[in-house]
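[1] What would the 3D arrangement of this be:
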Amino acid sequence: MVGAWATSNSTNSTDTSNEGGPSDGTQLLKKGIAEFYDESSGIWEDIWGDHMHHGFYDDSSPVSLSDHRLAQIRMIDEALSFASVPSAECRGITLSPVQAERANAIALSQGLSDQVSFLVADALAQPFPDEQFDLVWSMESGEHMPDKQKFVNELVRVAAPGGTIIIVTWCHRDLKDDEESLQSWEKELLDKICKDYFLPSWCSAADYVKLLQSLPVEDIKTADWTRYVAPFWPAVLRSALTWKGLTSLLRSGMKTIKGALAMPLMIEGYKKGVIKFAIIACQKPK
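    Numbering: from 1, shown residues only. Reported below is the predicted structural model:
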């Protein structure tokens, strides 16, 4: 493949006000996201390894339910398999300078710096020309995007003709035919999570499909992977309650500590069916 572009789970972008300039609220959101991942990435890697995203768990797979690092690697494999694409040369972007520096260091240590590189950049104002990448992949970053339309527009813009687009993201549940919005208690739960994880408003997988349908893409498909990631947040919570986890949290900043305290809310959201874990893939016509 010519190349690949991917967002890390800390990627976000700017919104604009009516005057055309960046809104203060979005700038604060960007700053909060970058600082959150600057603070927490080192702790996460120390306890969980290189992959900062959900694991993919399946009773039929050889991956043990207790082997969370392998489950995270399997998430990558399953996402690529779902979209029918092989591995590729990769360029990644993130708002977090700490993440970009660490990712480049890992690539160098593995002898992959000529194939894989990372930079600090905004996912809604990407520093790439049109139609550059055969694979455009957002891995658990869509939930941070304040403007979902701009987000998918940029994904499609940088995809080459015939290229594949993959979005793996947290969502809220799809609305029923007779619903205009989530129930009040569901909104309250998601609002609490937003404050601690620096998230704007949530959307559903169906919302992503509608956005993509308005753009020049084809073969849109989606799947609900919620049951495959179900063991993840309880495992993260257990790791935070170990001696190593607790001492690491105490050495971190308040943003990381607040994020840790919000873990039970994520578990509640999954258990009650409010939070879904979705994958959406499509192709850009040749």
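[2] separation between Q132 and K258?
    Note on Q132: its distance to K258, by Cβ to Cβ, to the nearest Å, is 37 Å. C-betas here are computed from N, CA, C, even on glycine.
[3] All the helices of the stretch 151-286 of the chain, residue numbers only.
    184-197, 205-213, 226-229, 232-240, 243-251, 254-261, 263-271 (DSSP state H, counting those that start in this stretch).
[4] in what helix or strand does L70 lie?
    Applying DSSP states H and E as the criterion places L70 in helix 68-82.
[5] So which elements touch that helix?
    Judged by 3 or more Cβ pairs under 8 Å, 6 or more residues apart in numbering; DSSP states H and E, helix 68-82 is in contact with helix 24-48, strand 133-139, strand 159-172, helix 232-240, strand 275-283.
[6] can I assume M139 is in contact with A79?
    Yes - with contact defined as Cβ atoms under 8 Å, M139 reaches A79; the gap is 7.3 Å.
[7] Mind checking which of those two has more residues around it?
    M139 (23 against 20; other Cβ atoms under 10 Å).
[8] Can you tell me which of the helices and strands packed on helix 68-82 is most buried?
    Of the helices and strands packed on helix 68-82, the one with the most neighbours on average (mean count of other Cβ atoms under 10 Å) is strand 133-139, at a mean of 24.
[9] which neighbours does it have in its sheet, and in what orientation?
    Within its sheet, strand 133-139 is paired with strand 4-7 (parallel), strand 159-172 (parallel), according to DSSP bridges.
[10] between that strand and helix 68-82, how big is the angle?
    Per axes from the mean of the first three to the mean of the last three Cα atoms, to 10 degrees, the angle that strand 133-139 makes with helix 68-82 is 140 degrees.
[11] distance between strand 133-139 and the chain's centre?
    Mean-position distance between strand 133-139 and its chain equals 12 Å (Cα atoms, centre = their mean, to the nearest Å).
[12] Residue numbering should commence at 34 henceforth.
    Done: numbering now begins at 34, and the last item shifts to strand 166-172.
[13] Just want the angle from it to strand 308-316.
    Using the same axes, to 10 degrees, strand 166-172 lies at 180 degrees relative to strand 308-316.
[14] hey, least reliable of the helices of the stretch 184-319 of the chain by pLDDT?
    Lowest mean pLDDT of the helices of the stretch 184-319 of the chain: helix 276-284, a mean of 79.
[15] Now stretch 172-182: average pLDDT?
    The average pLDDT for stretch 172-182 rounds to 93.
[16] one step back: could the strands paired with strand 166-172 be laid out in CSV, adding distance to A104 and mean pLDDT?
    Below are these laid out as CSV (distance: least, Cβ to Cβ, whole Å; pLDDT from 0 to 100):
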stretch, distance to A104, mean pLDDT
strand 37-40, 19, 58
strand 192-205, 14, 96
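[17] C123 is nearest to which of those strands?
    strand 37-40 (4.5 Å; Cβ to Cβ).
[18] and T255, what is it in contact with?
    For T255, the contact set (Cβ atoms under 8 Å, 6 or more residues apart in numbering) comprises A238, Y241, V242, A311, I312, I313, A314.
[19] which residues does it bridge with?
    Under DSSP bridges, the beta-bridge partners of T255 are I313.
[20] separation between it and L152?
    From T255 to L152 the distance is 29 Å (Cβ to Cβ).
[21] I'd like the helices of the stretch 184-319 of the chain as TSV, with distance to D91 appended.
    Formatted as TSV, the helices of the stretch 184-319 of the chain follow (distance: least, Cβ to Cβ, whole Å):
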stretch	distance to D91
helix 217-230	26
helix 238-246	20
helix 259-262	6
helix 265-273	13
helix 276-284	26
helix 287-294	27
helix 296-304	16
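[22] Fine by me, we can end here.
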